[in-house]
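>>> prediction below, plus the sequence it came from.
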Amino acid sequence: MISDLFSTTVLIGILASGIRLATPYLYAAIGETFSQRSGVLNLGVEGQMLLGSFAAFYVTLITGNMWLGLLAAILVGAAMGLAMSFVTVNLHAKQGISGIGFYLFGLGMSDLLFQKLVGTVETVRGFPRLSIPVLSGIPGVGDIFFNQNFLVYGAYLLVPVAWFVLNKTTLGLKIRSVGENPDAADSLGVSVNRIRYFTIILGGIFSGIAGASLSIALLNVFQQNMTSGLGFIAVALVYFGGWRPLGVLGGALLFSMVNSLQLWVQVLGIPIPSELAVMMPYILTIIVLVAVASKIRAPSALTKPFEREG
Amino acid sequence: MKKVFQSEWMSRSVDALLPVFATLAALLVGAIMLLFLGVNPVEAYSALWDGAFGSTNSIAETLVKATPLLLVALGICIAFRGNVINIGGEGQMVVGALLATWIGLTFTNAPGWVIIVLALSSGFLGGAVWGGIPGVLKAYFNVNEILSTVMMNAIAIQLMNFMLRGPMIDPAQADLASKIPQTARLLDIFQLPRLAPTRLHLGALIAVVLAVLVYILLWRTTLGYRIRAVGQNPHASRYAGINVPRHMVMALLFAGAFAGLAGAIQVYGVNYRMITDGSASGFTGSAGFNGIVAALFGQLHPLWSIPASILFGALLVGANKMQRMVQVPSALIIALNGLVVVFVVSSEIWRRYRQHRRLVAVRDEESPPPPDQAEVQKEAQQ
């Protein structure tokens, strides 16, 4: 019943799984933040996640080693990023549409490979729970934050690192200048194309890890269209967060907490239609997009291919 | 002078063939993937061909599959020509279908044709609303339409699941433990008539007629002219007195409306009820995405979208046969569709390059006529 929701154990459970479920959003959206700050909208995140997820699952299943699985996801994500870079940077293809192409490719390919190479539902031994000494013993807080697995900690560590790289390093300055004014950056000797290749491939790698976090850390299975729109939400989270890692973190937590609440509502058998609960974060995102659009400016060169004048 | 025209004709035909090359390239990549999977590509592709065109029934199935693709593609032609990107076809189909199904299940005493007309128009309207919301958000609130249409898809899926598991569930299913999310079946008199002793239904004909109408809309009416002008150059359009935001909304309204109609026709022509597996594609068969592929393949031209939709309908139908005959999952076709999209948008660069060369050639031949500013303004003010 509804009152069950407010017992301490349930609240801790909701918060702990909320923290955990934010993981794939964080990896994918932080990666996307890098490519968008350099002026490239990568809509293929969902496809990269699906292929990364399958690669991680399959390699872990075969070798029994989740680290090799993670490596496979990274390589697959990087390869997809490389292809995306070539198409958008060199061939100047429309970014939104080519992204949909990469999405469909990842969707079909991961399903095809799964059916051909695995076929049945199998579980793998993924990343185990890694309790942080001392901190995990703190009542409540310990269970929420410090009893998670390696990939969860990694996702949260990524946020300050991404903030630091984007705002406090030369590389970050180059990325931002390429996204704001590629002509000026080019005239100062920054290679626009090289920076964009770098950020798109980086985005692909993080999308791959995001996929892996589903198949070898959170759920330990793979199934057809397992991400079910998660990658698209990650793209929206970048806008939601105003192209800043901290804002992205806020958006990711919002989505994951509502999801977690909704799962627990179902587990406890509370008679609220879960569909309406699942709908809420999307409606909220649209509202936030309206609010953000008038206040925060997107990178000026976003979706615009770069061509040297002359 | 003659030589310029000749090479122009040549270069334009190469442009028209680019999507064909893109598809051939995708099929070639598919063949390589098949080899890796240990399947003879010739066998696989001939099973695919046979499944799509091998018999009267399979041809009819191909056309049945092509119908929603064409309808979605028509909307995409309008939207993309207006330079707004509609990724929301799935959600728009779902909402259009929900509304149309509700009509048919509620007014059971009305004559068949009244309900069919009412249901298809409400599908059209429902989709228009679902597409119009992102349109308004883009035009007046500067919200990226790619993101908002994706969000609207997710909302529509949940709305569908809620309705089909709750208020609209088939009374027969409501009593069962399985509770398959589906509505009751439409009365026989509400079903779209069939065109031949196959599953081919009137919806296919409606789609073709609409393709001609969309062609007329885009190239023979002021509204279409303005939508295209806004898509080509919003700034110039504004100076020419065109209300740019309003035409952006119109472009998305149409895109949504055609997808909504596709959803309604899917219910009244094929399934006779609304049914899902909990995902959008469980109802739409991903037509909301594949329609984009078909429209791009048809170079965003409503009439060329007809053969393009038939081609992709054929691939989808043939894929099932391929799965049965040579055990290649039909997911291969989804992957190949993705490659077709990537190849088509990538090949645009050559078209732009040749367009540029044509312009240079004409300019070298004679001094260029000044841009038709007067005509632009005259047409815009009509």
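Alright, I've got the coordinates. Numbers count the residues shown, from 1 in each chain, chains lettered A, B, ... in the order given.
>>> drop to CA atoms for contacts and neighbour counts, all remaining ones
Will do.
>>> so who does the closest residue to A:Asn65 other than its chain neighbours touch?
Excluding its sequence neighbours, the residue lying closest to A:Asn65 (Cα to Cα, 6 or more residues apart in numbering or on different chains) is A:Val59, at 7.6 Å. Going by Cα atoms under 8 Å, 6 or more residues apart in numbering or on different chains, A:Val59 touches A:Asn65, A:Met66, A:Leu68, A:Gly69, A:Ala72.
>>> top of the residues you listed by number of neighbours, please.
A:Gly69 (28 neighbours; other Cα atoms under 10 Å in any protein chain shown).
>>> right, and it touches A:Ala56 too?
Yes. At 3.9 Å, A:Gly69 counts as touching A:Ala56 under the criterion of Cα atoms under 8 Å.
>>> between the two, which contacts overlap?
A:Ala212, A:Ile216.
>>> re the thing from before, pull the most distant pair out of the contacts of A:Val59.
A:Asn65 and A:Ala72 (10.9 Å; Cα to Cα).
>>> what's the offset of stretch B:93-105 from the middle of its chain?
19 Å (Cα atoms, centre = their mean, to the nearest Å).
>>> what about chain A, any weak spots by pLDDT?
A:1-5, A:309-310 (pLDDT under 70).
>>> where does the stretch 51-200 of chain B come near chain A, residue by residue?
When proximity is defined as Cα under 8 Å from any Cα of the partner chain, the stretch 51-200 of chain B approaches chain A at B:85, B:137, B:141-143, B:146-148, B:150-152, B:154-155, B:158-159, B:161-162.
>>> checking A:Val87 next. Helix, strand or coil?
Of the three states, A:Val87 takes helix according to DSSP: H, G, I helix; E, B strand; the rest coil.
>>> separation between it and A:Ile283?
Separation of A:Val87 from A:Ile283 (Cα to Cα, to the nearest Å) stands at 33 Å.
>>> so for the two, which sits in the more crowded spot?
A:Val87 (21 against 16).
>>> which stretches in chain A count as helices?
Counting by DSSP state H, chain A has helices at residues A:8-37, A:45-63, A:66-85, A:95-113, A:141-145, A:150-168, A:170-180, A:182-187, A:192-213, A:230-240, A:245-267, A:274-295.
>>> got a pLDDT number for B:Ala25?
B:Ala25 is assigned 90 on the pLDDT scale.
>>> okay, it and B:Ala52: tell me how far apart.
From B:Ala25 over to B:Ala52 (counting by Cα to Cα), the distance is 20 Å.
>>> for residue 58, grab the count of nearby residues.
Just going to use chain A. 26.
>>> to clarify, I was referring to chain B.
Neighbour tally, B:Ser58, other Cα under 10 Å: 21.
>>> A:Phe86 now?
Counted with other Cα under 10 Å, A:Phe86 comes out at 17.
>>> just B:Val326 next, same as before
Neighbour tally, B:Val326, other Cα under 10 Å: 16.
>>> find the residue closest to it in space, skipping its chain neighbours.
Closest to B:Val326 by Cα to Cα, 6+ apart is B:Ala44, at 6.1 Å.
>>> in which helix or strand would I find that neighbour?
In the assignment (DSSP states H and E), B:Ala44 maps to helix B:41-53.
>>> return the residues of the stretch 51-200 of chain A in contact with chain B.
So the stretch 51-200 of chain A meets chain B at A:87-88, A:91-94, A:96-109, A:111-112, A:115-116 (Cα under 8 Å from any Cα).
>>> just the buried members of those?
Among these, those buried by neighbour count (16 or more other Cα atoms under 10 Å in any protein chain shown) are A:87-88, A:91-94, A:96-109, A:111-112, A:115.
>>> how far away is B:Gln323 from chain A?
Relative to chain A, B:Gln323 is positioned 11 Å away (Cα to the nearest Cα, to the nearest Å).
>>> one more: B:Met325?
15 Å.
>>> give me the number of residues near the nearest residue to that residue once chain neighbours are set aside?
Spatial nearest neighbour of B:Met325, chain neighbours left out: B:Ala47 (6.7 Å); criterion: Cα to Cα, 6+ apart. B:Ala47 has 21 neighbouring residues, counting by other Cα under 10 Å.
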